[in-house]
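**Student:** Below are the sequence and a predicted model for it; my questions follow.
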Amino acid sequence: MNNQKIAVIDHKCANLHSVIKALEIFKIDVKICTSKTELKDIDGIILPGVGSFDPAMKNLIKQDLVDSIKNLTFSGTPLLGICLGMQLLMENSEEGSLNGIGLINGTAKMIESNEEDIKIPHMGWNNIEINDNNNSRILNGIKNNDYFYFVHSYKCIPTNNSEVAAFTKYGQKICAVIEKNNVFATQFHPEKSGIVGLKIYQNFLSFIEIGK
């Protein structure tokens with residue numbers, strides 16, 4: 001894995017430090033990218049994110065990164081979206097008025113909070129349930145009911161349920177992991193989820209290695 005070049009997209013709405021610190025464990029070449037010219041000769045893309053949908057999309061558009069991310073992904077470059085980054089991969093979000101990147105058909109909607117114990121945002125440790133029908137590669141070695149760290153107010157609703165690799169429960173079923181061909185995404189933060197979170201990154205890097 002040491003010769004892999006991974007682009008971490010900096011759209012000014014992400015905590016890059018914790019992601020990069022987690023990736024350093026694998027001794028790979030991590031490149032922070034703020035423009036399409038910096039996406040040359042990379043083996044994989046990580047799209048992290050915290051905050052709101054529209055500001056992140058505005059910056060991606062301003063940086064001329066949207067089409068580059070899509071074109072690289074269409075050509076086979078693996079991509080991993082994290083938290084808000086997962087929502088940005090959808091067609092749109094009710095949080096904002098801008099279109100998303102659109103690599104995953106579907107939308108992001110506010111988590112319903114009609115019960116006293118369902119507080120928004122969904123914050124803290126929660127377990128996931130794996131969709132056996134997805135045959136997920138990003139969840140290789142992850143077990144049903146493993147716990148991950150979540151911080152989010154919106155949930156992704158893919159049009160194709162078979163693209164949901166795992167879900168969590170928070171008063172309702174919430175998509176926790178998406179997997180579609182070479183596009184992967186987690187609603188939780190792998191870099192804040194201990195050993196099982198690092199396993200997500202390891203699986204992503206292993207997928208890249210197999211394809212090289």
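**Tutor:** Thanks, I have the structure now.
**Student:** Name the residues of stretch 72-84 that are buried.
**Tutor:** Across stretch 72-84, burial judged by 16 or more other CB atoms under 10 Å covers 72-73, 77-84. Where you see a C-beta, it was placed from the backbone N, CA and C, and this is true even at glycine.
**Student:** With only the CA atoms kept, save that stretch in CSV.
**Tutor:** In CSV, the C-alpha atoms belonging to stretch 72-84 read as follows (Å, rounded to 0.1, in the frame of the first residue of the first chain):
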residue,chain,number,x,y,z
LEU,A,72,-12.3,10.1,-12.2
THR,A,73,-14.9,7.9,-10.5
PHE,A,74,-16.5,7.0,-13.8
SER,A,75,-13.1,6.0,-15.1
GLY,A,76,-12.7,3.6,-12.1
THR,A,77,-10.9,5.6,-9.4
PRO,A,78,-12.2,4.5,-6.0
LEU,A,79,-13.9,7.1,-3.8
LEU,A,80,-14.8,7.1,-0.1
GLY,A,81,-17.2,9.7,1.2
ILE,A,82,-17.4,10.4,4.9
CYS,A,83,-20.3,11.9,6.9
LEU,A,84,-21.3,15.1,5.0
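**Student:** which stretches of this protein have low pLDDT?
**Tutor:** Within the chain, the set of residues satisfying pLDDT under 70 comprises 1-2, 115, 212.
**Student:** Which parts of it are helices?
**Tutor:** 16-24, 53-62, 66-74, 84-88, 194-211 (DSSP state H).
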